[in-house]
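1. structure for the following, please:
(4 chains)
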Protein chains: 2
Amino acid sequence: MLAFSGHDLCTIDANGRIKLSPRVISDFIEKCGDEVVLHCLPEGALALYPEDIYLEMRRRETDPAGRAGQSVVFRREMRRFGALSQSERISKQGRITIPTGFRKLLNLDPGTDVCVVGVEIGVEIWQIDKWREEIERINQHQREKGEREMAEDLMPEKN
Amino acid sequence: MLAFSGHDLCTIDANGRIKLSPRVISDFIEKCGDEVVLHCLPEGALALYPEDIYLEMRRRETDPAGRAGQSVVFRREMRRFGALSQSERISKQGRITIPTGFRKLLNLDPGTDVCVVGVEIGVEIWQIDKWREEIERINQHQREKGEREMAEDLMPEKN
DNA sequence: GTTGATATTGGAAAATAATGGATTATAATG
DNA sequence: CATTATAATCCATTATTTTCCAATATCAAC
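-> Reported below is the predicted structural model:
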């Protein structure tokens, strides 16, 4: 059975929380219990990963202190992951609270309609309109690829 | 005996479910029991595959977490397969529920007439009008290919 | 510190949607 | 035409989501 798959709509409640679907909850429980890492993506969505996945994502960085003294690019990299990531706990009722700092940054204020999107290694929370744009972009790209493939198939030298 | 072949018409019931034909059901039971993977295609149809077929299609990348932290292209790839795929179970009455997120995306709302199409490795569910267009597109492409083949055959250097 | 205002947390109740089964209708078969 | 098989509809049950409320914590001004 596929983990972290599919997508569901829901609304951020008056207190900035999201009720995750049972499917998503059990995927997390299985992988990492109730503790997850929240990470703001540059695309403008909020990613939820099991901690080990997040740490794998970050493990490339060797000698962070030494490199931080030398490189602004590296310092920015550490800021990006430091400031924009945070551990949170899934509550007994299956809700997760979005930290206030992240809310404004991502336009995920109370009352916002969002889509919880499976991405195989975790889930992402998208403001609904942004998600529609994103999925359209993805599909459009695939369709264009398909058109080219069909045109290619008509070329005599290919057959 | 051919598996996943032919095509049948049916209607999506009031609760967003499809009753599969006995032929399709027994093809799945034989291949994978009652658990199948649903996947939204960019053409606008919903594919049903046995899980092993899906996983083959989605040959797993190495180090997904590391790459996800670095590349937006890679994250999009995971979104495409994560968000647009989901495991489901064929019920004892031979019905399959289309997840709500997929319904809207593919225009497969309750009451819609659909065509369940065998595609050799699984089946696809098409909104009936889109299916007619698709089959016409396929035939048109093949006719054009035939024309080119005939023209090619007239070229002196080919003979 | 103390008080008042504001925000956060946890839980319960109400509203909504999904599920499974049985029944009825329709189509296929002999 | 009768019988069987299949598909569609309906309904009760269960699950899930949303809304609401009380309790607790946090912050700011006095």
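
2. how near is the residue lying closest to A:S5 once chain neighbours are set aside to A:M155?
-> Closest residue to A:S5 apart from its sequence neighbours, by Cβ to Cβ, 6 or more residues apart in numbering or on different chains: A:G118 at 4.1 Å. C-beta: built from backbone N, CA, C; applies to glycine. Using Cβ to Cβ, to the nearest Å, A:G118 is found at 38 Å from A:M155.

3. more neighbours, those two?
-> Shown here are A:G118 and A:M155; by other Cβ atoms under 10 Å in any protein chain shown, A:G118 has more neighbours (28 against 9).

4. near DNA strand D, which residues of chain A are found?
-> By Cβ under 7 Å from any atom of the strand, the residues of chain A that approach DNA strand D are A:D8, A:L9, A:C10, A:T11, A:D13, A:A14, A:N15, A:K19, A:S21, A:P22, A:Q93, A:G94.

5. count of residues packed around the closest residue to A:D13 other than its chain neighbours?
-> In this structure, A:D13 finds its nearest non-sequential neighbour in A:P110, 6.6 Å apart by Cβ to Cβ, 6+ apart. Neighbourhood size, A:P110 [other Cβ under 10 Å]: 13.

6. my guess is A:P22 contacts A:Q93, does it?
-> No. Assessed by Cβ atoms under 8 Å, A:P22 is found out of contact with A:Q93, at 11.5 Å.

7. could you give the bridge partners of A:V117?
-> Beta bridges link A:V117 to A:H7, A:E124 when assigned by DSSP bridges.

8. contact partners for it?
-> Applying Cβ atoms under 8 Å, 6 or more residues apart in numbering or on different chains to A:V117 gives the contacts A:H7, A:A45, A:V123, A:E124, A:I125, A:W126, A:W131, B:R79, B:G82, B:A83.

9. assign whichever residue of chain A sits closest to DNA strand C to helix, strand or coil.
-> Here the residue of chain A nearest DNA strand C is A:N15; by Cβ to the nearest atom of the strand that distance is 3.2 Å. When classified by DSSP: H, G, I helix; E, B strand; the rest coil, A:N15 comes out as coil.

10. you'd agree it is up against A:R103?
-> No. When contacts are counted by Cβ under 8 Å, A:N15 is not listed as touching A:R103 (10.8 Å).

11. the helix or strand encompassing A:A151 packs against which elements?
-> Here A:A151, judged by DSSP states H and E, is contained in helix A:128-154. With contacts taken as 3 or more Cβ pairs under 8 Å, 6 or more residues apart in numbering or on different chains; DSSP states H and E, helix A:128-154 sits against strand A:113-118, helix B:72-83, helix B:128-154.

12. let's see it at 6 Å
-> Helix A:128-154 sits against strand A:113-118, with contacts defined as 3 or more Cβ pairs under 6 Å, 6 or more residues apart in numbering or on different chains; DSSP states H and E.

13. quick one: low-confidence parts of chain A?
-> Scanning chain A for pLDDT under 70 picks out the ranges A:60, A:156-159.

14. please repeat the previous calculation with a cut-off of 50.
-> Counting by pLDDT under 50, chain A has no low-confidence residues at all.

15. which parts of it sit against DNA strand C?
-> So chain A meets DNA strand C at A:N15, A:G16, A:R17, A:S91, A:K92, A:Q93, A:T97, A:T100 (Cβ under 7 Å from any atom of the strand).

16. quick check, nearest of those residues to A:R59?
-> Nearest to A:R59 among the residues of chain A next to DNA strand C is A:T97, at 27.4 Å by Cβ to Cβ.

17. which residues does the closest one contact?
-> A:R17 (Cβ atoms under 6 Å, 6 or more residues apart in numbering or on different chains).

18. going by distance to DNA strand D, which of the contacts of A:V117 wins?
-> Closest to DNA strand D, out of all of these and judged by Cβ to the nearest atom of the strand, is A:H7, at 11.6 Å.

19. okay, now that closest one: neighbour count?
-> Neighbours around A:H7, by other Cβ under 10 Å: 28.

20. can I assume it is in contact with B:G101?
-> Yes. With contact defined as Cβ atoms under 6 Å, A:H7 counts as touching B:G101 (4.4 Å).

21. next one: the spatially closest residue to A:L41 that is not a sequence neighbour from B:K31, what distance?
-> With Cβ to Cβ, 6+ apart as the criterion, A:L41 has its nearest non-adjacent residue at 5.4 Å, and that residue is A:A47. Distance, A:A47 to B:K31, using Cβ to Cβ: 34 Å.

22. which one's more surrounded, these two?
-> Higher neighbour count among A:A47 and B:K31: A:A47, with 26 against 17, using other Cβ under 10 Å.

23. just checking, the more buried one touches A:E124?
-> Yes. Using Cβ under 6 Å, A:A47 is in contact with A:E124, at 5.0 Å.
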